[in-house]
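Chemist: Here's my sequence, what's the structure:
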Amino acid sequence: MRSRVDVFAPAALAGLLLLAAVAPDAFAYKGKQGGFDGGGGILQGGTFGTVATLGGQTSGPASSAAHRATEGLLAFFGQPLLVAVPGTLDFGPVAVGGSRLLSATVDNYGGVSLLLSDIRLASAGSSSFFTLEGPGTEATIGPGAAQSIGVRFAPADTPLERDTLVANTNDPFRPVWRLPLSGSGLGPAGPAIAAQPDTLDFGRVPIDSVAARTVTIENVGSAELVVGSIAASESAFSASASSFALSPGSSRDVVVWLEPEDATVFRESLLVSSNAPSSPFVVMLLGSVPSVLAVAEPDDGRLDFKTVLDAAPPDEGEIRLRNDGAELLRWEAHSSGAAWLSIEPDSGSVPPGNTTILDVAVDHAGLSDGPYEASVHLRNRERPLANADTVDVFLMVQPFSVAIASNPLVATEGGSVELSATASAFPDSGRVFYRAGGEEAFASSPMSPVGSSGLVAVLSGDALGIRGLEWYALVHAAGRSVVVPDPDTETPERVAVACAEPIARETPAGEYRTMSVPLATDAADPAETFEDDLGEPDRSAWRLGRWSGASGGVLEHPSDIGAPIDAGTGFWIITREEEKLTFGGRSVFPPAGEKEFAISLEAAGEGGAGWNQIGHPFAFPVYWADCRIRDSGGRLYAPDEAANEGLVENAAHAWQDEGGAGGYEAATLLEPWSGYFVNNISGGALELLVPMREAAPAKALAHDPCPIPEEGEWEIRVRAMADERRGGATIGARRGARAGWDAFDRFVPPPPDGEDALLSIASEERMPVLGRLGADVRAVSPEGRSWTLEVRPAGAREVRIALEGCEALPRGWTARLVDESNGMTAAGGAAAACSVVPRPGEAVRTLRLAVGPAPAESGEGSSESGAAPRFAVERPYPNPATTGTAVRYTVPSAGEVRIQIFSIEGRLVRDLSEGTAGAGERLVRWDARDERGREVGPGIYLLRFSRAGETRTARVVVFR
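Modeler: Numbers count the residues shown, from 1 in each chain. Model prediction:
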């Protein structure tokens with residue numbers, strides 16, 4: 001193994017090739033078995049596990065050194081396998097002074113014990129509010145067993161807190177396990193009052209009528225809330241309760257009544273006095289009384305609609321005509337010819353002592369600014385009215401508009417911002433709706449009147465985070481409601497938020513990272529950004545670089561690296577020691593009016609792949625499948641559509657480096673502070689559009705990386721490890737795959753240290769550009785397929801190669817690894833593996849991987865073996881699963897088979913029983929839903945198969 005410092009200067013190593021085939025008991029063949037003799041020939045009736053020396057001179061039985069190499073290989077492939085559920089612990093809001101306990105379950109799916117050591121919090125020694133509760137600093141988990149690890153969150157203040165649970169493991173592919181932790185405090189400690197809703201709008205309530213509304217008073221604090229009084233600032237309002245006590249987390253409904261005595265508009269306050277620090281708490285009370293004019297005893301014979309808005313709904317008023325006489329009053333009414341004025345009814349009769357109501361409506365559509373006047377003439381059909389015969393109607397019309405603004409334009413994290421709306425008419429009320437940048441749901445807050453035409457709301461504290469603020473306003477004025485900005489644009493107003501303090505990011509010692517900075521910064525020069533933390537450029541202490549497609553290599557600081565350190569830019573960094581980097585800046589948003597952040601993707605050079613090292617621009621995760629590709633003609637494609645069109649790969653490649661062993665994985669999520677490689681294979685300029693839409697944790701993946709295979713489909717993951725390097729490639733067969741390039745195929749991105757990829761698939765002429773493939777998926781074929789694997793040791797003494805997913809091959813198929821240099825073969829129906837030890841000076845070793853029906857002499861799937869069928873259940877696939885899984889099972893004779901799904905607590909989740917089943921192999925699928933069709937939660941589920949007194953079980957892990 002190389003030391004951490006050796007990552008800067010890889011050593012040249014040499015050796016020999018050892019090839020072995022491993023067939024664990026769980027995947028033993030039925031009938032005959034094949035193996036190797038000492039000279040490299042395949043023996044009939046032998047067993048897997050014997051070593052053949054392929055690159056040396058041995059031609060007889062294997063030497064003791066070869067036997068020791070065999071034992072080493074078998075030990076390597078008999079390793080533990082760590083699977084942890086869930087992938088993160090989010091405690092949500094917890095009252096300050098209180099606490100919450102959550103736990104994660106670590107399963108061992110390997111064949112030997114899994115060892116966890118140095119279980120700790122990454123923030124050990126600092127002021128973390130997370131504490132571990134069991135099992136201590138070490139744990140041993142046997143094969144097929146599980147261990148629960150508890151974490152308690154006890155906030156002392158209100159900001160969002162994050163930490164990481166870390167443990168060292170003996171899993172060779174996961175030597176360090178990390179579990180992100182997050183939670184926020186709900187405080188301060190003590191009682192805290194809230195109300196839902198915070199505004200009661202009674203609408204229009206006639207005189208001598210009563211209207212009721214309900215408000216819920218809540219205690220969101222951590223101590224008892226005592227409400228001393230509830231009173232309104234206007235006597236027309238009254239409440240059903242005045243004093244009571246609420247324990248933390250409880251609430252009580254209070255009914256508020258409005259009983260108006262005269263015509264007016266109410267904009268009052270309901271004051272709730274309590275022992276909370278924010279006392280008194282204010283609930284807004286709104287209401288109005290219809291305009292009324294008594295004609296029989298008029299004050300001034302005037303009906304004034306005052307100012308109304310253009311294009312608003314017609315306004316209505318009332319004229320009351322009362323008969324104070326002793327005889328029946330027969331009357332009629334007409335207007336003075338104004339087309340915008342109507343009366344209903346326009347004639348009738350009123351008995352003595354009674355009153356009739358005339359509805360007067362004004363339709364001001366099409367009217368300009370006015371003023372307008374008209375008269376309603378009333379008369380007795382027999383003689384004039386004694387008291388009044390004319391009511392004058394007045395109307396003013398003006399265009400309605402609302403302007404919004406924020407102050408300041410760039411807020412400070414944890415500070416405050418004033419959001420205002422100014423209307424051209426007298427606003428009645430308003431609300432501001434706001435959210436952190438990228439969130440889906442909006443919170444809301446009422447706006448308070450300012451002057452005669454303004455409304456304002458002030459947001460502060462947690463509402464202002466580095467993700468920025470998105471908001472819009474809803475304004476009610478003169479019977480009209482307006483949303484600003486126009487909701488049809490789907491782009492709310494935005495307020496950038498600047499860091500109150502520099503944000504710190506740590507770099508692990510001796511490990512490459514591809515990073516990004518999700519901030520808009522004024523100090524985008526690498527020297528300004530990094531040298532204040534790391535000192536002057538020193539390649540033996542730290543290195544910073546960025547891939548350049550034009551030069552076909554990495555441009556390294558202090559030379560020009562070709563792009564600023566800013567949002568959307570990815571770069572490589574490695575430090576000899578663990579270092580802390582600090583960054584400042586403000587929120588990143590797409591351009592005004594846009595919903596996506598555009599990143600340019602340079603085209604491929606002559607005969608090469610067009611790799612672009614990009615950065616995730618936002619401070620929140622985004623699904624890769626939610627991004628879009630835009631071509632030079634403005635056409636938009638989803639990533640898989642763009643791949644099928646030969647524009648890009650359907651992958652954002654993320655570099656994973658743990659313990660100095662690095663390699664690429666296709667990312668489902670684009671994470672903050674992370675960089676990725678995206679391949680433009682189109683030959684023309686493209687843009688990657690990253691939506692400002694957070695990937696919700698509860699949302700199902702838009703692209704399931706392990707879908708339930710259909711008949712004939714399969715996928716094998718080839719993994720390679722050598723010293724501090726690792727690599728991987730994927731082969732398979734899918735019904736959607738095409739003969740040429742499609743969304744399943746991928747190239748291998750350039751490594752950080754300039755070395756060639758450890759493992760790749762040889763490219764073919766059918767590919768759009770030349771390059772080394774990391775994934776090559778073909779169409780389903782009954783004859784099987786073969787692939788050429790290229791191993792580039794680059795000085796390593798040994799490259800270990802393993803195949804994953806062979807258990808999902810069609811029945812009777814096997815995977816066979818063939819060394820092209822000497823024709824030696826390793827084969828296994830359930831697993832195959834080899835160890836490549838290169839000869840001195842050897843740069844590339846070629847292996848042929850053939851997948852298809854097993855040869856007849858191997859006995860694989862042969863009916864000639866004579867073995868009687870038995871009741872058996874295979875392992876579920878995929879496992880872990882997200883949207884479902886499938887299980888093959890075999891019954892020896894016809895009969896009823898009962899199939900049930902249970903939670904780990906023993907609760908029945910789903911019954912998949914198929915009734916009477918015929919003898920032979922069958923397949924059952926479970927869509928990860930319960931009996932009512934609801935998605936089950938993440939966790940471990942048991943599949944129980946029962947027939948004729950026999951029971952078989954299988955276990956599957958569900959991720960969400």
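Chemist: Quick check on T514: phi, psi?
Modeler: Backbone geometry at T514, expressed as degrees, to the nearest 10, gives phi -100, psi 110.
Chemist: Test my guess that it contacts Y676.
Modeler: Yes - counting by C-beta atoms under 8 Å, Y676 is a contact partner of T514 at 7.0 Å. Where you see a C-beta, it was placed from the backbone N, CA and C, and this is true even at glycine.
Chemist: roughly how far out does stretch 544-559 sit from the chain middle?
Modeler: Centroid separation between stretch 544-559 and its chain, computed with C-alpha atoms, centre = their mean, to the nearest Å, is 32 Å.
Chemist: scratch that, stretch 169-185 is what I was asking about
Modeler: 19 Å.
Chemist: and that stretch, how far apart are its ends?
Modeler: Start and end residues of stretch 169-185 are separated by 32 Å (C-alpha to C-alpha, to the nearest Å).
Chemist: Which parts of the protein belong to which domain?
Modeler: 86-135+151-171, 193-288, 313-380, 402-498, 503-583, 869-958 (automatic domain parsing).
Chemist: Which of those comes out lowest on mean pLDDT?
Modeler: Here the lowest mean pLDDT among these goes to domain 313-380, at a mean of 74.
Chemist: so can I have CSV of the domains of the chain showing mean neighbour count and distance to D753?
Modeler: Formatted as CSV, the domains of the chain follow (neighbours: other C-beta atoms under 10 Å; distance: least, C-beta to C-beta, whole Å):
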stretch, mean neighbour count, distance to D753
domain 86-135+151-171, 17, 24
domain 193-288, 16, 53
domain 313-380, 15, 70
domain 402-498, 18, 33
domain 503-583, 18, 7
domain 869-958, 15, 32
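Chemist: May I see the ones you listed organised as JSON lines, with distance to A603 added?
Modeler: As requested, the domains of the chain are exported to JSON lines (distance: least, C-beta to C-beta, whole Å):
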{"stretch": "domain 86-135+151-171", "distance to A603": "36"}
{"stretch": "domain 193-288", "distance to A603": "55"}
{"stretch": "domain 313-380", "distance to A603": "56"}
{"stretch": "domain 402-498", "distance to A603": "30"}
{"stretch": "domain 503-583", "distance to A603": "8"}
{"stretch": "domain 869-958", "distance to A603": "35"}
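Chemist: which one of these lies closest to A642?
Modeler: domain 503-583 (17.9 Å; C-beta to C-beta).
Chemist: ok, the residue sitting nearest the centre point of the chain - contacts?
Modeler: Centroid check for the chain by C-alpha atoms, centre = their mean gives A695 as the closest residue, at 2.1 Å. By C-beta atoms under 8 Å, 6 or more residues apart in numbering, the residues touching A695 are 620-623, 626, 669.
Chemist: if you look at those residues, which of them are in strands?
Modeler: Secondary structure from DSSP state E places 622-623, 669 of the contacts of A695 in strands.
Chemist: for E528, helix, strand, or coil?
Modeler: helix (DSSP: H, G, I helix; E, B strand; the rest coil).
Chemist: now swap in the one 4 residues further on and tell me
Modeler: When the structure is split into helix, strand and coil by three-state DSSP, D532 lands in helix.
Chemist: measure it to E579 for me?
Modeler: 12 Å (C-beta to C-beta, to the nearest Å).
Chemist: got it, and L341?
Modeler: L341 is 78 Å from E579, by C-beta to C-beta.
Chemist: try G438
Modeler: From G438 to E579 the distance is 29 Å (C-beta to C-beta).
Chemist: Repeat that for S587.
Modeler: Distance of S587 to E579, computed by C-beta to C-beta: 26 Å.
Chemist: before we move on, what about N612?
Modeler: From N612 over to E579 the distance is 27 Å, taken as C-beta to C-beta.
Chemist: repeat for V254
Modeler: Relative to E579, V254 is positioned 57 Å away (C-beta to C-beta).
Chemist: out of the ones in strands among the contacts of A695, who has the most neighbours?
Modeler: Highest neighbour count within the ones in strands among the contacts of A695: V622, with 23 neighbours (other C-beta atoms under 10 Å).
Chemist: pretty sure that residue is touching H616, no?
Modeler: Yes - the pair V622 / H616 is scored as a contact, 7.0 Å apart, by C-beta under 8 Å.
Chemist: joint contacts of these two?
Modeler: 670, 690.
Chemist: Kindly provide the distance from the closest residue to T521 other than its chain neighbours to G568.
Modeler: For T521, ignoring the flanking residues on the chain, the nearest one in space by C-beta to C-beta, 6 or more residues apart in numbering is G585 at 3.6 Å. Relative to G568, G585 is positioned 13 Å away (C-beta to C-beta).
Chemist: quick one, strands of the stretch 801-950 of the chain?
Modeler: Under the criterion DSSP state E, counting those that start in this stretch, the stretch 801-950 of the chain contains strands at 813-819, 825-828, 833-836, 845-853, 872-873, 885-891, 895-903, 908-911, 915-917, 920-926, 939-947, 950-958.
Chemist: out of the ones you listed, nearest to R505?
Modeler: So among those, strand 950-958 is nearest, using C-beta to C-beta, at 31.3 Å.
Chemist: Let me know the angle separating that closest one from strand 895-903.
Modeler: Counting by axes from the mean of the first three to the mean of the last three C-alpha atoms, to 10 degrees, strand 950-958 lies at 40 degrees to strand 895-903.
Chemist: Determine how far strand 950-958 lies from the middle of the whole chain.
Modeler: For strand 950-958, the distance to the chain centre is 30 Å (C-alpha atoms, centre = their mean).
Chemist: Give me the helices and strands touching it, please.
Modeler: strand 872-873, strand 885-891, strand 939-947 (3 or more C-beta pairs under 8 Å, 6 or more residues apart in numbering; DSSP states H and E).
Chemist: and A146, which of those is closest to it?
Modeler: Closest among the helices and strands packed on strand 950-958, using C-beta to C-beta: strand 939-947, at 7.4 Å.
Chemist: Give me the distance between A520 and I565.
Modeler: 12 Å.
Chemist: Revised request: answer the last question for E261.
Modeler: Using C-beta to C-beta, E261 is found at 68 Å from I565.
Chemist: if I pick the residue lying closest to P172 once chain neighbours are set aside, what's in contact with it?
Modeler: Spatially, and ignoring its direct neighbours in sequence, P172 is nearest to Q79 (5.4 Å; C-beta to C-beta, 6+ apart). Contacts for Q79 were tallied using C-beta under 8 Å, 6+ apart; they are 110-112, 170-172.
Chemist: Excluding residues flanking it in the chain, which one is nearest S229?
Modeler: Closest residue to S229 apart from its sequence neighbours, by C-beta to C-beta, 6+ apart: S273 at 4.7 Å.
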